[in-house]
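S.K.: Below is the sequence, then the predicted model.
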Amino acid sequence: MKLTVLGSAAAEAWPGLFCACDACREARRRGGRNLRRRTAYRVNDDTLVDFGPDINWQCAAFGIDLCHIRRILFTHSHSDHLDPVELQWRRRGYSVSEGELDLYGNAHVFERIRCGCQFPLDQLSINPHLIEPGKAFVTGSFTVTPLLAQHASNGERALNFVLRDERVGLLIGNDTGWWAEETWQQVAGQRLDAAIVECTYLHKDAQARSHHLGAEAAVAFRDRLVELDALRPDALTVVNHFSHNGMTLHEELCEWFAPHRMQVAYDGMTLEV
């Protein structure tokens, strides 16, 4: 399984739009891996996880041809993870789309798409699939298990995902907060081979566990996965989804996480699981 990190920032991106804080000024000065688009992923060549406001830039930067994408898994409906306007360009007259596109998400996701698109989904060759926490489904080469995150807003149940193919299992877990015990027990014993772990608040609030995690909470999250045998002790673990309000830049993050055997995501990072 091959995963490409298309974006590694929280909602405002990094440097933040309109922001003159020290962390954004320094990111602009350093450039490179400190320039972060909104969080999204490509898995293999045919699957996206989230589809946010930076998707056009991400496709151009990382050589993605959306004609090859067959499915999008949505974690939740927040604007940094879902930009419905960009989906409407699939309509004939705007593009010549090849094949149909399967979308998987909760009810809030599809309500936002319906409100944000000018056209019905059938005119866009889109197939909507409503998914629920704990109910696994098969799509393409993956068995996907949605997990309930602790990232509720207006009654929405945000999701994390476990993706499995014939060889390996991967957790994609941003916008998690600290899971409820029911979610921890759903992954117990799965011995996953890799995990993407939420780390929005970085060192500004290192122990944060509500809606998002801080740096120290992210380490504790990984350790809890290992304790429950949900994650192999030697599994690849990568932290992602960083807010500029967390203040810690890429190079310092790498130095801090290295003793914990955790890698720090950056835009364009490719992982072979």
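M.R.: Cool, got the structure. Numbering: from 1, shown residues only.
S.K.: And the helices in the stretch 1-150 of the chain, which stretches?
M.R.: Remark: helices assigned in the stretch 1-150 of the chain by DSSP state H, counting those that start in this stretch are 22-30, 55-62, 107-116.
S.K.: Please disregard the earlier target; I meant the stretch 151-273 of the chain.
M.R.: With DSSP H, counting those that start in this stretch as the criterion, the stretch 151-273 of the chain has helices at 181-187, 215-227, 250-257.
S.K.: average pLDDT across stretch 14-31?
M.R.: Confidence over stretch 14-31, taken as the mean pLDDT, stands at 97.
S.K.: can you give me the end-to-end distance of it?
M.R.: Across stretch 14-31, the terminal residues are separated by 10 Å (CA to CA, to the nearest Å).
S.K.: one step back: out of the helices of the stretch 151-273 of the chain, nearest to Gln123?
M.R.: The minimum distance between Gln123 and the helices of the stretch 151-273 of the chain falls on helix 181-187, with 36.8 Å, by CB to CB. Where C-beta positions appear, they are placed from N, C-alpha and C, glycine not excepted.
S.K.: Name the residues of that closest one that are buried.
M.R.: Buried residues in helix 181-187, counting neighbours by 16 or more other CB atoms under 10 Å, are found at Thr183, Trp184, Gln186, Val187.
S.K.: just curious, which of those residues is nearest to His241?
M.R.: Taking CB to CB as the measure, Thr183 is the one of the buried residues of helix 181-187 closest to His241, at 17.5 Å.
S.K.: per-residue confidence for the closest one?
M.R.: At Thr183 the predicted local distance difference test score is 98.
S.K.: just Leu225 next, same as before
M.R.: 98.
S.K.: so who does the residue nearest to Tyr266 when sequence neighbours are not counted touch?
M.R.: Of all residues not flanking Tyr266 in the chain, Arg33 sits nearest, at 3.8 Å (CB to CB, 6 or more residues apart in numbering). Remark: with contacts taken as CB atoms under 8 Å, 6 or more residues apart in numbering, Arg33 is in contact with His250, Tyr266, Asp267.
S.K.: hang on, the earlier thing: TSV please, covering the buried residues of helix 181-187 and showing distance to His76.
M.R.: Written out in TSV, the entries for the buried residues of helix 181-187 read as follows (distance: CB to CB, whole Å):
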residue	distance to His76
Thr183	15
Trp184	19
Gln186	18
Val187	19
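S.K.: Hmm, Phe62 is touching Gly268, no?
M.R.: Yes - the pair Phe62 and Gly268 qualifies as a contact (CB atoms under 8 Å) at a distance of 5.8 Å.
S.K.: intersection of neighbour lists for these two?
M.R.: Joint contacts of Phe62 and Gly268 (CB under 8 Å, 6+ apart) are Thr4, Leu6.
S.K.: what bits of this protein have low per-residue confidence?
M.R.: Within the chain, the set of residues satisfying pLDDT under 70 is empty.
S.K.: Dead centre of it: give me the residue that sits there.
M.R.: Residue closest to the mean C-alpha point of the chain, counted by CA atoms, centre = their mean, is Ala40 at 4.7 Å.
S.K.: For Gln123, see how far away that residue is.
M.R.: In this structure, Ala40 and Gln123 are 24 Å apart, going by CB to CB, to the nearest Å.
S.K.: got the contact list for Asp50?
M.R.: Contacts were defined as CB under 8 Å, 6+ apart; by that measure Asp50 touches Thr39, Ala40, Tyr41, Ile72, Leu73, Phe74, Thr75, His81, Leu82.
S.K.: quick one: which of the residues you listed is most hemmed in?
M.R.: Ranked by the number of neighbours (other CB atoms under 10 Å), these place Thr39 first, at 31 neighbours.
S.K.: For it, which residues are in contact?
M.R.: With the criterion set at CB under 8 Å, 6+ apart, Thr39 makes contact with 5-10, 50, 52, 80-81, 174, 240-241.
S.K.: Next, format those residues as JSON lines and append distance to Gln150.
M.R.: Compiled in JSON lines, these are given as follows (distance: CB to CB, whole Å):
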{"residue": "Val5", "distance to Gln150": "23"}
{"residue": "Leu6", "distance to Gln150": "24"}
{"residue": "Gly7", "distance to Gln150": "22"}
{"residue": "Ser8", "distance to Gln150": "21"}
{"residue": "Ala9", "distance to Gln150": "21"}
{"residue": "Ala10", "distance to Gln150": "16"}
{"residue": "Asp50", "distance to Gln150": "18"}
{"residue": "Gly52", "distance to Gln150": "21"}
{"residue": "Asp80", "distance to Gln150": "18"}
{"residue": "His81", "distance to Gln150": "16"}
{"residue": "Asn174", "distance to Gln150": "12"}
{"residue": "Asn240", "distance to Gln150": "17"}
{"residue": "His241", "distance to Gln150": "14"}
